[in-house]
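Engineer: What follows is a predicted protein model with its sequence.
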Amino acid sequence: MYLHEITLLKDKIRNPKEYPFSIPSIRTLGTLKLRKNVTFFVGENGSGKSTLLEAIAYQCGFNTAGGSRNNLFELAASEARLGDYIRLSWLPKINQGFFLRAESFYSFANHIDEIAKEDPRIYRAYGGKSLHEHSHGESFLALFQNRFGRKGIYLLDEPEAALSPARQLAFLSIIHELQKDSQLIIATHSPILLGYPDAEIYHFDEPPIRPIPYEETSHYQITRRFLENRKAYMKELLD
């Protein structure tokens with residue numbers, strides 16, 4: 001592990017009613033301890049998990065539009081407004097890694113194509129060709145399998161967005177290989193990814209942010225109940 005603690009610098013906050021401090025999970029954040037090589041952030045949309053992940057990326061020096069320290073491209077609404085209000089505690093500090101924003105992946109792929117016009121060798125780090133020459137899911141896997149091979153810290157915001165269930169299972173194998181000498185923090189809604197063994201899951205829906213067992217996540221419980229009682233669920237929803 002490299003990143004051990006995330007601390008909200010409350011003394012720097014001038015107006016706690018402003019966004020993003022108005023988010024309950026962020027407002028009540030003190031120090032979040034990371035104890036595993038793989039950490040998941042879970043919660044409903046707007047719960048603050050992506051906001052905190054983006055702030056971590058900002059403090060790591062990664063492009064908050066997506067990428068690493070070397071990927072310099074601009075994207076609207078990619079500013080990490082929480083970034084200046086957290087402190088990261090490292091042991092040891094590491095500068096290598098990647099920040100994946102599923103929602104801006106298309107723009108990232110365009111950025112790589114622009115770089116490749118000057119130096120086509122850049123494609124070697126992405127499977128040998130443009131990410132746009134893959135399907136959406138295949139482009140994600142090409143990134144994971146080729147660009148993520150180096151030791152570092154990997155921050156992934158909803159990596160399952162383009163992955164079928166079978167591809168998510170394949171991604172679990174990639175996570176397992178990466179965590180041997182890297183650290184991953186993943187914001188996700190996927191009950192498949194959350195099932196990775198010996199990971200820490202942090203729950204953002206009910207402040208304060210706290211660890212939660214896999215079987216107690218709403219993602220697991222809702223999916224399980226739906227699969228076991230599909231007809232009853234559909235009748236309740238549609239009648």
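Structural biologist: Perfect, thanks for sending it.
Engineer: Near residue 115, how many other residues are there?
Structural biologist: Neighbour count for residue 115, taken as other Cβ atoms under 10 Å: 16. (Each C-beta comes from the backbone N, C-alpha and C, glycine too.)
Engineer: quick one: it is in a helix?
Structural biologist: Yes - under DSSP: H, G, I helix; E, B strand; the rest coil, residue 115 falls within a helix.
Engineer: Just the pLDDT for the nearest residue to it once chain neighbours are set aside.
Structural biologist: Among residues not flanking residue 115 along the chain, residue 122 sits closest, at 5.1 Å (Cβ to Cβ, 6 or more residues apart in numbering). At residue 122, the pLDDT value in this model is 79.
Engineer: Residue 122: neighbour count?
Structural biologist: By other Cβ under 10 Å, neighbour count at residue 122 equals 14.
Engineer: just checking, it is part of a helix?
Structural biologist: Yes - assessed by three-state DSSP, residue 122 belongs to a helix.
Engineer: Enumerate every residue touching it.
Structural biologist: 112, 115-116 (Cβ atoms under 8 Å, 6 or more residues apart in numbering).
Engineer: let's see it at 10 Å
Structural biologist: 112-116 (Cβ atoms under 10 Å, 6 or more residues apart in numbering).
Engineer: Among those, which one is most surrounded by other residues?
Structural biologist: residue 112 (20 neighbours).
Engineer: before we move on, the earlier item: and which of the contacts of residue 122 is nearest to residue 102?
Structural biologist: If you rank the contacts of residue 122 by distance to residue 102 using Cβ to Cβ, residue 112 comes first, at 15.9 Å.
Engineer: Tell me how far the closest one lies from residue 134.
Structural biologist: 12 Å (Cβ to Cβ, to the nearest Å).
Engineer: intersection of neighbour lists for the two?
Structural biologist: With Cβ under 10 Å, 6+ apart as the test, residue 112 and residue 134 both reach 126, 143.
Engineer: what secondary structure does residue 146 sit in?
Structural biologist: helix.
Engineer: Please name the nearest non-neighbouring residue to it.
Structural biologist: Nearest to residue 146 is residue 127, by Cβ to Cβ, 6+ apart, at 4.9 Å.
Engineer: Could I get the contacting residues of that neighbour?
Structural biologist: So residue 127 contacts 133-134, 138-139, 141-143, 145-147 (Cβ under 10 Å, 6+ apart).
Engineer: ranges for the helices of the protein?
Structural biologist: Assignment of helices within the chain using DSSP state H yields the ranges 24-27, 49-60, 105-118, 136-142, 165-178, 191-194, 218-228, 230-238.
Engineer: Now do the buried residues in the fifth one.
Structural biologist: Of all the residues in helix 165-178, those buried under the rule 16 or more other Cβ atoms under 10 Å are 167-168, 171, 174-175, 178.
Engineer: now what about that helix, what contacts it?
Structural biologist: 37-38, 137-138, 140-141, 144-145, 148-152, 154, 156, 159-160, 163-164, 182, 184, 186, 188, 190-193, 195-197, 199.
Engineer: ok, now with 8 Å
Structural biologist: With contact meaning Cβ under 8 Å, 6+ apart, helix 165-178 is reached by 38, 137, 140-141, 144-145, 148, 154, 159-160, 163, 184, 186, 190, 192-193, 195-196.
Engineer: repeat for the second one
Structural biologist: Residues external to helix 49-60 that are found in contact with it (Cβ under 8 Å, 6+ apart): 3, 6, 20, 23, 25-26, 29, 41-43, 63-64, 80-88, 95, 97, 99, 101, 153, 155, 157-158, 185, 187, 202, 204.
Engineer: The nearest residue to residue 105 once chain neighbours are set aside: neighbour count?
Structural biologist: Distances taken as Cβ to Cβ, 6+ apart put residue 66 closest to residue 105, at 6.7 Å, once the chain neighbours are dropped. The number of residues packed around residue 66, counting by other Cβ under 10 Å, is 27.
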